[in-house]
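Visitor: Got a sequence here, can you build the structure:
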Amino acid sequence: MSLETYTPQARWASEILMRMLETGLVTLPQLAVARMVVLMGIGLGTWLLSLLLRGLGVGERFLALPPWGVAGLALVLTCGLVGHLAARMRLLASLHLLLIIVTSVVLDCLHKEGLILNICFVIIPVVGPAVVLSRYGLSLGWVFLCFPFGVGLGMLFYTILNSSVTLER
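Guide: Purely as a prediction, here's the structure:
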């Protein structure tokens, strides 16, 4: 499909999102948490699929891929599976959506509120546990404990930082 076919849906989705934000049905922290959950889910699925592919010997026997090739193949397969199951999207559209989500995380840092959201919902729940896990050599299973704890800390810090920003105004 061409990009022009997605343009009306993107405008419609943007309009619905703006209405939901204006009416208070959804808040920016909820959107930030949802975005991080999607990215973490894709990351976890990619990790599990790459372990499965390496366990099956895809890198050595069948395709002779290096480890980064197996990880890339797992990412593409995970995006395709998630896109198809969640929204009946094709592989290329799923990869575009992943690129848009990652780009939105980076571009949010250019705005004060976006920077606060990224600190509270990316740095604290995702980067923090990843650094702790890699520093102490803990298994990836600890992510299931660290991520919810990090989201809770992120919500607490967001409340504190957001109240201080609104007091300055």
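Visitor: Domain map for this structure?
Guide: Following automatic domain parsing, one finds the domains of the chain at 1-109, 111-169.
Visitor: Switch those over to JSON lines; also include mean neighbour count.
Guide: Yep, even glycine has a C-beta here, placed from its N, CA and C like the rest. Shown next, in JSON lines, are the domains of the chain (neighbours: other Cβ atoms under 10 Å):
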{"stretch": "domain 1-109", "mean neighbour count": "14"}
{"stretch": "domain 111-169", "mean neighbour count": "15"}
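Visitor: report the longest helix in the protein, please.
Guide: Counting by DSSP state H, the longest helix found in the chain is helix 28-56.
Visitor: tell me what the helix or strand just after it is packed against?
Guide: Downstream of helix 28-56, the first helix or strand assigned by DSSP states H and E is helix 67-87. When contacts are defined as 3 or more Cβ pairs under 8 Å, 6 or more residues apart in numbering; DSSP states H and E, helix 67-87 packs onto helix 28-56, helix 91-107.
Visitor: same question for the longest one, mean pLDDT?
Guide: Average pLDDT, helix 28-56: 80.
Visitor: Show me where the protein dips below the pLDDT cut-off.
Guide: Applying pLDDT under 70 to the chain flags residues 1-10, 58-64, 137-144, 165-169.
Visitor: Does residue 101 touch residue 39 like I think?
Guide: Yes: taking contacts as Cβ atoms under 8 Å, residue 101 lies within contact range of residue 39: 6.2 Å.
Visitor: can I assume residue 45 is in contact with residue 78?
Guide: Yes: using Cβ under 8 Å, residue 45 is in contact with residue 78, at 4.2 Å.
Visitor: and the residue nearest the centre of the chain, how far is that from residue 164?
Guide: Geometric centre of the chain, nearest residue: residue 39, 1.9 Å, by Cα atoms, centre = their mean. According to Cβ to Cβ, to the nearest Å, residue 39 and residue 164 sit 27 Å apart.
Visitor: Check residue 148 too.
Guide: Remark: distance between residue 148 and residue 164 (Cβ to Cβ) = 25 Å.
Visitor: Kind regards, and thank you for your time.
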